[in-house]
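> coords please:
(chains A and B)
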Amino acid sequence: DAKTTQPNSMESNEEEPVHLPCNHSTISGTDYIHWYRQLPSQGPEYVIHGLTSNVNNRMASLAIAEDRKSSTLILHRATLRDAAVYYCILNGAGGTSYGKLTFGQGTILTVHP
Amino acid sequence: GAGVSQSPSNKVTEKGKDVELRCDPISGHTALYWYRQRLGQGLEFLIYFQGNSAPDKSGLPSDRFSAERTGESVSTLTIQRTQQEDSAVYLCASSRSIGSGANVLTFGAGSRLTVL
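Modelled structure (predicted):
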C-alpha cells in the first residue's frame, strides 16, 4: 500500500491560516489524495480530496505538488473547532478495494485562542 | 437516515461473552466498512462489503470476529468470546461505489466496547 508521512503534531493560533503537510512519494497514478479529520470522541469526517489539481471547498483547500509526491491541506482561518487529528490518505491504489483506507497516525492540530 | 447510524453507542461486557454491533449505512451507499480504533491509536481496517461481491475480510484480527451484511443495508459485526484486548471503538462507514479512488466515506459515531 502506498503510504503517507505527516508530522505528529502542529500548533496554530485562532484565526490564522494552517498548512498541514503530507508526503506520499510512492503515490501511483490512480491514487486520489484524501484528507479526513477526527474531532475528539467522534468518527472521522471527510474534509477534501483531489487527484492532480488544487481543490477548494467550504472547509479547506488542498494544494497538490506538480509531481504529486506531496500535498498540503490549508485551513484558511483556524478556529477552536478545527482542533482535531488530520489524516492524509491515498485512495484507489491498483484497482483493488477502493475505499479500503489505511489510516496512519495523522497530525494532531492544536489551536490556541 | 441522513447519516451512518451505529448501535449500541456504548457496550460493557464481561470477558468471554459474545457481542453484536450494528451499522445502518446511508441509503443508496453500496459499500460498507468496519474499522477498529483502540484508545489513543489510529484506525485499523477490519472488513469491507461492496454490493453482492465477496467481502474483503483481510483485516479481521481473528476467527472470533465476523461480519454480515444483508443486501445493501444493515451490517452486524459479531465478536465471540470477547477478550479485554477487544476493547475499542468500532467504527462503521459507508460510501457510494464509483469505481475509483474518488469515493468518499461517511463514518458513524462508533460503538465503544469495553470488555471487563
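
> need phi/psi at the residue in chain B that chain A sits nearest to.
As assessed by Cβ to the nearest Cβ, chain A sits closest to B:Gly101 within chain B, at 1.9 Å. Yep, even glycine has a C-beta here, placed from its N, CA and C like the rest. Main-chain dihedrals, B:Gly101, degrees, to the nearest 10: phi -80, psi 10.

> quick check: residues of chain A near chain B?
A:30-32, A:34, A:36, A:42-46, A:49, A:51, A:87, A:90-93, A:97-106 (Cβ under 8 Å from any Cβ of the partner chain).

> could you report the pLDDT at A:Thr96?
We have a pLDDT of 51 for A:Thr96.

> residues contacting the residue of chain B closest to chain A?
Residues in contact with B:Gly101 (Cβ atoms under 8 Å, 6 or more residues apart in numbering or on different chains) are A:Thr30, A:Asp31, A:Tyr32, A:His34, A:Leu51, A:Leu90, A:Asn91, A:Gly92, A:Ala93, A:Tyr98.

> wait, the third one touches A:Cys88, no?
No: no contact is recorded between A:Tyr32 and A:Cys88 when judged using Cβ atoms under 8 Å, the distance being 11.5 Å.

> of the two, who's got more company?
Under the criterion of other Cβ atoms under 10 Å in any protein chain shown, the comparison of A:Tyr32 against A:Cys88 puts A:Cys88 first, with 26 against 20.

> give the bridge partners for the residue lying closest to that one once chain neighbours are set aside, please.
Of all residues not flanking A:Cys88 in the chain, A:Cys22 sits nearest, at 3.4 Å (Cβ to Cβ, 6 or more residues apart in numbering or on different chains). A:Cys22 has these beta-bridge partners by DSSP bridges: A:Ser71.

> show the contacting residues for A:Cys22.
Per Cβ under 8 Å, 6+ apart, neighbours of A:Cys22: A:Thr4, A:Thr5, A:Gln6, A:Ile33, A:Trp35, A:Ser70, A:Ser71, A:Thr72, A:Leu73, A:Cys88.

> state the distance from it to chain B.
Going from A:Cys22 to chain B by Cβ to the nearest Cβ, to the nearest Å gives 15 Å.

> okay, buried residues for stretch A:37-47 please.
Buried residues in stretch A:37-47, counted by 16 or more other Cβ atoms under 10 Å in any protein chain shown: A:Arg37, A:Gln38, A:Gly43, A:Pro44, A:Tyr46, A:Val47.

> what does that stretch rub up against?
By Cβ under 8 Å, 6+ apart, stretch A:37-47 touches A:34-36, A:59-60, A:73, A:81-87, A:103, A:106, B:4, B:43, B:91, B:93, B:104-110.

> run the last query once more with 7 Å
A:35-36, A:59-60, A:73, A:84-87, B:91, B:104-110 (Cβ atoms under 7 Å, 6 or more residues apart in numbering or on different chains).

> same check, this time on stretch B:41-49
With Cβ under 7 Å, 6+ apart, stretch B:41-49 has contacts from A:97, A:100, A:102-106, B:31-37, B:55-57, B:59-60, B:65, B:67, B:69, B:75, B:91.
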